[in-house]
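Chemist: please find the sequence and the predicted model below.
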Amino acid sequence: MSELDDTPAPPTAVPLAAPAEGVPEVAVSAGEIAGAAEQLACGSGPFAVDAERASGFRYSNRAYLIQIRRTGAGTVLIDPVNHGGSSIDALEPLAAVLAEDEWILHAADQDLPCLAEVGLRPPRLYDTELAGRLAGFERVNLAAMVERLLGLGLAKGHGAADWSKRPLPAAWLNYAALDVEVLIELRAAIAGVLEVQGKSDWAAEEFEFLRCAQSSPTRRDRWRKTSGIHKIRTAAGLAAVQELWTTRDRIARSRDIAPGRILPDTAIIAAAAAEPKTVEELLALPVFGGKQQRRTAQVWLDALATARSGGQAPDIADDAGGPPPPVRWAKRKPEAAVRLEAARAALSELSQRVGVPTENLLSPELLRRLCWDWPGRGDSAADDAGAVDEFLRDGGARVWQRELVVPVLAEAGASRSVRKPTPDTPPARPPSR
């Protein structure tokens, strides 16, 4: 995708190896956290905020370190889990201070849930990653944007580390402090780019939508997301996947360990496909021969036995609500398949023209639902535009998105619909010879 801004990348980035004021001590006790809140209260302006989790190591998605920076106050590092009491109670002084002004985050959708879990919610929000997407930047990770807009080089860090580890190594804390070191300056720089492009209002709508977004309901059949499940084509095999996944999830939750560290998806699929009946047959499969799996082999064998005797097997088709996978549309609803193809082409052209990724113009899920349950009933784009706009509004599309996409989607849908004859309109007869 072409970019509309003309902000050149600096020829040589200046390395940013450590925070200018050094790495602060981590506030752990309730008293230390209250002191950190007082320090931030002495500053002014927005707060640069970040959080570190232990994804891939822990079952939960909780925050294990919170970093905050404010002009005139410097940076504070907060341990939200190790103070011996309620996280929400201990963080109340911090929450009160953070309610005073805007938060600046990079990829806010990743951090807002775990921050809300401990009672921290922004009164206003600015997401620098999302701003970069709206500006048309090809690379929107923090290091790339800092280098491009500020001429500084952030060293690759420890974002994928196990942040539940205690004590946290000094190098990790240095990395964590750097994540908020220049967020305030980055916000000013990318806001300037959006202002030049005329997209500031778009960004404001997106940020407010993100700030107020409710978490999506948990998918009922989460086990169907097991990687490689497409290889299992029988109801009995799916029952085995379901039972193995459920057993793994129960163990992972109780031990607060990432499910993949208990048993990888590849092992679940292998066992469901092979249908082993004995410990020896199970241990002969890949992964199960390892030391950890040998100790728990009977657990997985029992799960497989339960699947075989569990009564009604799950449906092979995934009835998760909403339209089916697009690959099935041509046979089940050909007019929807035609609309989706035309709509995707229209959004791609619009994306190139305005310099915004198609997924930010309209969520792919909402686009699929629109094309499957087409609301238009007229014979032209003008007739369908109102119905399309209402459908997208009800689906959560923002005003700026609808102003851009409704005309092109109404045109794409109306001009390429395969309309079935109604009882009042008999099908046309072939010309006589």
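Modeler: Thanks, I have it.
Chemist: any buried residues in the lengthiest strand in the chain, and which?
Modeler: Ranked by residue count under DSSP state E, the longest strand found in the chain is strand 44-52. Of the residues in strand 44-52, 46-52 count as buried by neighbour count, 16 or more other C-beta atoms under 10 Å. Just so you know, the C-beta spots here come from the backbone N, C-alpha and C atoms, and that holds for glycine as well.
Chemist: who are the packing partners of the strand or helix carrying Ala385?
Modeler: Using DSSP states H and E, Ala385 sits in helix 381-394. On a contact count with 3 or more C-beta pairs under 8 Å, 6 or more residues apart in numbering; DSSP states H and E, helix 381-394 meets helix 364-372, helix 399-416.
Chemist: run the angle between the first one and helix 399-416 for me.
Modeler: Spelled out, it's helix 364-372. Angle, helix 364-372 to helix 399-416, by axes from the mean of the first three to the mean of the last three C-alpha atoms, to 10 degrees: 30 degrees.
Chemist: in its sheet, what does whichever helix or strand Leu77 is part of sit against?
Modeler: Leu77 is part of strand 74-78, with elements assigned from DSSP H and E. Strand 74-78 has the following sheet partners, assigned by DSSP bridges: strand 26-27 (parallel), strand 65-71 (antiparallel).
Chemist: possible to save these as a markdown table with mean neighbour count and distance to Val81?
Modeler: As requested, these are exported to a markdown table (neighbours: other C-beta atoms under 10 Å; distance: least, C-beta to C-beta, whole Å):
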| stretch | mean neighbour count | distance to Val81 |
| --- | --- | --- |
| strand 26-27 | 22 | 11 |
| strand 65-71 | 24 | 9 |
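Chemist: the longest strand of the chain packs against which elements?
Modeler: Strand 44-52 sits against strand 65-71, strand 103-105, helix 108-116, helix 170-181, helix 183-197, with contacts defined as 3+ C-beta pairs under 8 Å, 6+ apart.
Chemist: tell me, how many residues neighbour Leu130?
Modeler: 22 (other C-beta atoms under 10 Å).
Chemist: how deep is the closest residue to it other than its chain neighbours tucked in, by neighbour count?
Modeler: The spatially closest residue to Leu130, leaving aside those adjacent along the chain, is Glu206, at 5.8 Å (C-beta to C-beta, 6 or more residues apart in numbering). The local packing of Glu206 (other C-beta under 10 Å) involves 21 other residues.
Chemist: where does Glu206 land in three-state SS?
Modeler: Assigned by DSSP: H, G, I helix; E, B strand; the rest coil, the conformation of Glu206 is helix.
Chemist: OK, contacts around it?
Modeler: By C-beta atoms under 8 Å, 6 or more residues apart in numbering, the residues touching Glu206 are 127, 130, 134, 360, 398.
Chemist: quick check: pLDDT value at Gly84.
Modeler: What the model reports as pLDDT for Gly84 is 59.
Chemist: ugh, wrong one, I meant His158
Modeler: Per-residue pLDDT puts His158 at 87.
Chemist: do you know how far it is from Ala240?
Modeler: Using C-beta to C-beta, to the nearest Å, His158 is found at 38 Å from Ala240.
Chemist: same deal with Leu304?
Modeler: 6 Å.
Chemist: ok, now Leu115?
Modeler: Using C-beta to C-beta, Leu115 is found at 38 Å from Ala240.
Chemist: those two: which is more packed in?
Modeler: More crowded of Leu115 and Ala240, by other C-beta under 10 Å: Ala240, with 29 against 24.
Chemist: who are the contact partners of that one?
Modeler: Residues near Ala240 by C-beta under 8 Å, 6+ apart: 232, 271-272, 275, 303-304, 307-308.
Chemist: that one sits in which helix or strand?
Modeler: Per DSSP H and E: Ala240 is located in helix 235-255.
Chemist: quick check: mean pLDDT across that helix?
Modeler: Throughout helix 235-255, pLDDT has a mean value of 96.
Chemist: can you check stretch 185-200 too?
Modeler: Mean predicted confidence for stretch 185-200 is 98.
Chemist: got the domain ranges for this protein?
Modeler: 14-212, 222-308, 326-416 (automatic domain parsing).
Chemist: these two touch, right, Leu154 and Met145?
Modeler: No. Counting by C-beta atoms under 8 Å, Leu154 stays clear of Met145, with 9.7 Å between them.
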